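J.: next one to model:
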Amino acid sequence: MSASSFRTGLLLCLLLVSGCSQSPELVRHRQFFALGTLIDITMYDIDGAAAEQAGLELEQLFMRMHADWHAWQPGILQETNRRLATLEDFPADPALLPLLDEANRLSRLSDELFNPVIGKLIALWGFHSDERPDGPPPDNNRILELVAQQPSVTDVTLHDGHLRNGNPAVRYDLGGVAKGYAIDRGIERLRARGIDHAIINAGGDLRAIGRHGERPWHIGIRDPRGPGVLAAIELGDDESIFTSGDYERFFDHDNQRYHHIIDPRNGYPADSATSVTVIHTDAATADAAATALFVAGPELWQTVARRMGIRYVLLIDRNGTIHMNPAMQQRVRFDTEPAAISLGEPL
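T.: Numbering: from 1, shown residues only. Coordinates of the predicted model:
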């Protein structure tokens with residue numbers, strides 16, 4: 001997705017977040033580009049100097065994480081993948097290890113529908129590039145060859161600060177969890193500075209703490225097949241909301257859309273959903289769960305949500321039917337009443 005597209009999605013959220021009635025001096029923003037998207041930090045009820053210092057600290061933090069975790073540019077992750085490919089024991093980089101641990105944990109919880117070690121498959125599809133791929137899709141035999149090798153987080157072991165990999169097909173791509181993990185670290189930094197009312201928004205995926213004056217934060221959910229907002233949700237104190245959609249990074253070929261959310265079971269883009277939105281206190285969990293539930297689709301989303309501890313889910317399938325659990329139904333407010341809703345069991 002282009003930077004302008006990210007900004008469009010972000011502005012839709014900020015229109016709902018900021019409102020028009022608040023005094024402008026109470027709301028502070030800092031924006032910068034990192035982790036492949038526009039990062040917007042909104043801080044409420046804070047003076048300008050404190051906001052400037054906090055914003056600068058977070059910008060430096062996010063830029064450092066961007067450099068360390070990039071999947072296809074030189075950095076710590078690329079070097080870690082190179083050394084994992086040797087199948088030899090090596091010391092783990094402390095700047096990356098906590099994120100790898102969290103990615104592995106969330107992968108296991110999702111029954112590996114969120115799989116952070118299928119980087120070779122993602123690269124094969126052309127999504128390891130700053131440019132949008134233009135097709136055609138890769139050769140089926142090459143896809144099947146990588147799938148047959150079954151790269152798994154269980155292939156990677158950690159002992160006394162050292163990593164070892166037992167499967168040459170393993171290559172980390174942390175795109176399904178890095179934004180959430182980075183947002184969690186950013187919220188920690190804000191709270192350490194005594195900032196209790198804020199949002200860190202990464203291209204429409206965000207975590208909100210506190211309130212917006214007398215009002216809670218209100219967030220928009222993008223319509224995956226339209227230009228506007230599908231619904232609005234009121235967030236409580238300290239909640240994260242993340243969406244995975246087939247409109248984020250994709251190419252069209254022969255009238256078929258191929259997007260970046262790859263089903264690790266068959267090596268092809270997951271094709272039973274167009275969008276999944278989840279709410280959780282932890283942004284990294286919400287990030288990985290949105291990917292896992294997108295792959296799970298309308299048949300398995302409830303099972304995977306329970307495994308991952310997700311209580312609020314909204315999934316839109318390829319036919320436009322909206323699947324929700326009752327708790328999410330109580331929270332979401334649709335701009336236009338959906339044509340079809342499938343209400344699942346309580347989570």
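J.: so where is this structure shaky, pLDDT-wise?
T.: By pLDDT under 70, the low-scoring segments of the chain are 1-25.
J.: helix or strand right after the lengthiest helix in it?
T.: Scanning the chain for the longest helix, with DSSP state H as the assignment, gives helix 283-308. Using DSSP states H and E, the helix or strand that follows helix 283-308 in sequence is strand 312-317.
J.: other SSEs contacting the helix or strand immediately after that next one in the chain?
T.: The first helix or strand that comes after strand 312-317 along the chain, using DSSP H and E, is strand 322-324. With contacts defined as 3 or more C-beta pairs under 8 Å, 6 or more residues apart in numbering; DSSP states H and E, strand 322-324 has these neighbours: strand 312-317, strand 341-343. Any C-beta I mention is one placed from the backbone N, CA and C, and that applies to glycine too.
J.: contact partners for the residue nearest to Leu99 when sequence neighbours are not counted?
T.: Leaving out its chain neighbours, the residue that sits closest to Leu99 by C-beta to C-beta, 6 or more residues apart in numbering is Tyr181, at 5.4 Å. Residues near Tyr181 by C-beta atoms under 8 Å, 6 or more residues apart in numbering: Leu99, Glu102, Ala103, Leu174, Ala283, Ala284, Asp287.
J.: repeat for Asp223
T.: Val229, Leu230.
J.: quick revisit: sec struct for the residue nearest to Leu99, please.
T.: helix (DSSP: H, G, I helix; E, B strand; the rest coil).
J.: before we move on, the earlier item: got the helices and strands packed on strand 322-324 as a markdown table, with distance to Phe33 columns?
T.: Converted to a markdown table, these look like this (distance: least, C-beta to C-beta, whole Å):
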| stretch | distance to Phe33 |
| --- | --- |
| strand 312-317 | 28 |
| strand 341-343 | 37 |
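J.: most tightly packed of those?
T.: strand 312-317 (a mean of 24; mean count of other C-beta atoms under 10 Å).
J.: strands paired with that one, and their directions?
T.: strand 273-280 (antiparallel), strand 322-324 (antiparallel) (DSSP bridges).
J.: turn those into CSV, including mean neighbour count.
T.: Output for the strands paired with strand 312-317, formatted as CSV (neighbours: other C-beta atoms under 10 Å):
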stretch, mean neighbour count
strand 273-280, 25
strand 322-324, 22
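J.: contacts only, for the residue positioned nearest the centre of the chain.
T.: For the chain, the residue nearest the mean C-alpha position is Asp287 (3.6 Å; C-alpha atoms, centre = their mean). With contact set as C-beta under 8 Å, 6+ apart, Asp287 has these partners: Gly176, Val177, Ala178, Lys179, Gly180, Tyr181, Asp205, Ser240, Phe242.
J.: tell me the spacing between the closest residue to the fifth one other than its chain neighbours and Arg83.
T.: Nearest-residue entry for Gly180: Asp287, 2.9 Å, with adjacent residues in sequence omitted and distances by C-beta to C-beta, 6+ apart. Computed as C-beta to C-beta, to the nearest Å, the Asp287 to Arg83 distance reads 26 Å.
J.: check Trp69 too.
T.: 16 Å.
J.: repeat that for Gly176.
T.: 22 Å.
J.: same question for Asn115.
T.: Relative to Arg83, and taking C-beta to C-beta, Asn115 is found at 20 Å.
J.: more crowded one of the two?
T.: Between Asn115 and Arg83, Asn115 has the larger neighbour count (other C-beta atoms under 10 Å), namely 26 against 18.
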